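Engineer: Only the shape, not the letters, is given here:
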C-alpha cells in the first residue's frame, strides 16, 4: 500500500520555527515530485511549496517565500519543509503529496498532478 506520512507539526510562537517531514511507504520519494499544501480554517487547501523529482527545481507560494525551504533527502526517503519566522496566518493542517511527474524537473503548486496524499499534520502558530 502506498502511503505518505507527515510529521513535525505542533504549537509554536510567532517568529518560531518548525521542520515538517514527509516520508513514504510502498514507494520511494526520489521517483516523485513532492508538494506541500495547507488548509487553514475556513479556507481552501493551497499549495505552499514543491520540489521536482530530481530535487533541482523548487517553487514557493508568495506568502512563504523567504521563510520556508523545501528539501529532499533521497538517502532517508524524506522531504522536509523548514518553516522559519512563522506567523499566526501559517496556522493550518499541512499535507504532503506525491506526483509521478512529467519529467525529472516537473513541479507544481496545483493539486491536479498529485496522486498520493498524506493525512496531514497540524501546525499552530500562537502566543
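Structural biologist: That came through, no problem. Computed from a prediction, not measured in an experiment: that's the story for all the values here.
Engineer: Please make it C-alpha for all contacts and neighbour counts, starting now.
Structural biologist: OK.
Engineer: just the strands in the protein please.
Structural biologist: In the chain, the strands defined using DSSP state E lie at 3-7, 10-12, 18-25, 33-39, 46-51, 58-60, 68-73, 78-83, 92-99, 116-117, 121-125.
Engineer: residues contacting the residue nearest to the spatial centre of the chain?
Structural biologist: What sits nearest the mean C-alpha location of the chain, by CA atoms, centre = their mean, is residue 36, with 2.3 Å. Contacts for residue 36 (CA atoms under 8 Å, 6 or more residues apart in numbering) come out as 47, 48, 49, 50, 81, 94, 95, 96, 97.
Engineer: my read: the first one touches residue 107, true?
Structural biologist: No. The pair residue 47 and residue 107 fails to qualify as a contact (CA atoms under 8 Å) at a distance of 11.3 Å.
Engineer: what's the neighbour count on residue 103?
Structural biologist: Neighbour count of residue 103, defined by other CA atoms under 10 Å: 12.
Engineer: same thing with residue 90?
Structural biologist: Counted with other CA under 10 Å, residue 90 comes out at 20.
Engineer: re the thing from before, skipping adjacent residues, who's closest to the residue nearest to the centre of the chain in space?
Structural biologist: Nearest non-adjacent residue to residue 36, counting by CA to CA, 6 or more residues apart in numbering: residue 96, 4.5 Å away.
Engineer: Settle this for me: that neighbour is touching residue 114, isn't it.
Structural biologist: No. Using CA under 8 Å, residue 96 is not in contact with residue 114, being 9.5 Å away.
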